[in-house]
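Chemist: Have a look at this fold, sequence not included:
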């Protein structure tokens with residue numbers, strides 16, 4: 001960032017003239033600021049590596065992995081002090097006092113994991129279906145207009161309904 005700023009300052013110094021009015025100087029500064037912000041607002045390597053995974057999907061996957069770790073830790077009955085502390089902490093968090101409630105907790109968490117995983121699968125299935133429809137000939141108008149699944153299907157609906165009303 002500092003290197004870019006020094007480079008832009010050097011270009012501004014080269015372009016500055018003694019007879020420039022305030023409007024030209026303002027335009028020059030605005031152009032430099034625009035270039036700087038565009039350069040800094042490029043997606044980072046981290047966001048490029050994320051791919052096309054939605055934030056809500058990542059959040060659900062983290063929640064699923066947390067629940068799976070809780071299921072694994074509550075099912076363990078070992079002499080390891082560290083694992084026992086983790087298990088006691090989990091049982092205290094969920095206010096579990098006996099073995100029956102532990103079984104109920106693990107079953108509830110398993111059902112939650114299945115429900116969240118099913119939600120992700122449904123989204124991916126629907127997304128594939130929508131993308132397959134968009135790949136068919138005649139849907140060039142709405143390709144790439146919106147990024148969300150709801151937006152793509154709404155665009156598809158608008159385009160197909162618009163064609164029907166025009167015909």
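Modeler: Great, that's in hand. Note that the structure is a prediction, hence the values are computed from the model and not measured.

Chemist: Nearest the geometric middle of this structure, what residue?
Modeler: residue 55 (2.5 Å; Cα atoms, centre = their mean).

Chemist: Just the buried positions in the longest helix seen in the chain, please.
Modeler: If you go by DSSP state H, the chain has its longest helix at helix 99-135. Buried residues in helix 99-135, counted by 16 or more other Cβ atoms under 10 Å: 102, 105-106, 109, 113, 116, 127, 130, 134. Any C-beta I mention is one placed from the backbone N, CA and C, and that applies to glycine too.

Chemist: still on that earlier bit, quick check: pLDDT value at the residue nearest to the centre of the chain.
Modeler: Per-residue confidence (pLDDT) for residue 55: 87.

Chemist: re earlier: what's the longest helix of the chain packed up against?
Modeler: helix 55-75, helix 149-166 (3 or more Cβ pairs under 8 Å, 6 or more residues apart in numbering; DSSP states H and E).

Chemist: After the first one, heading C-terminal, what element do we hit next?
Modeler: Of the helices and strands lying after helix 55-75 in sequence (DSSP states H and E), the nearest is helix 81-93.

Chemist: Just want the angle from that next one to helix 99-135.
Modeler: 80 degrees (axes from the mean of the first three to the mean of the last three Cα atoms, to 10 degrees).

Chemist: pLDDT on stretch 126-145, on average?
Modeler: 73.

Chemist: picking up where we left off before, so the residue nearest to the centre of the chain versus residue 62, what's the distance?
Modeler: Distance of residue 55 to residue 62, computed by Cβ to Cβ, to the nearest Å: 11 Å.

Chemist: And residue 124, by the same measure?
Modeler: 17 Å.

Chemist: what do you get for residue 32?
Modeler: 41 Å.

Chemist: Looking only at neighbour counts, state which of the two leads.
Modeler: residue 32 (16 against 10; other Cβ atoms under 10 Å).

Chemist: Please name the nearest non-neighbouring residue to the more buried one.
Modeler: residue 8 (4.9 Å; Cβ to Cβ, 6 or more residues apart in numbering).

Chemist: Give the buried residues for the host helix or strand of that neighbour.
Modeler: With secondary structure defined by DSSP H and E, residue 8 is part of helix 2-15. Residues of helix 2-15 classed as buried by neighbour count (16+ other Cβ under 10 Å): residue 8.

Chemist: any idea which helix or strand comes after that helix?
Modeler: Note on helix 2-15: by DSSP H and E, the next helix or strand toward the C-terminus is helix 22-40.

Chemist: Which strands or helices does that next one pack on?
Modeler: Partner elements for helix 22-40 (3+ Cβ pairs under 8 Å, 6+ apart): helix 2-15.
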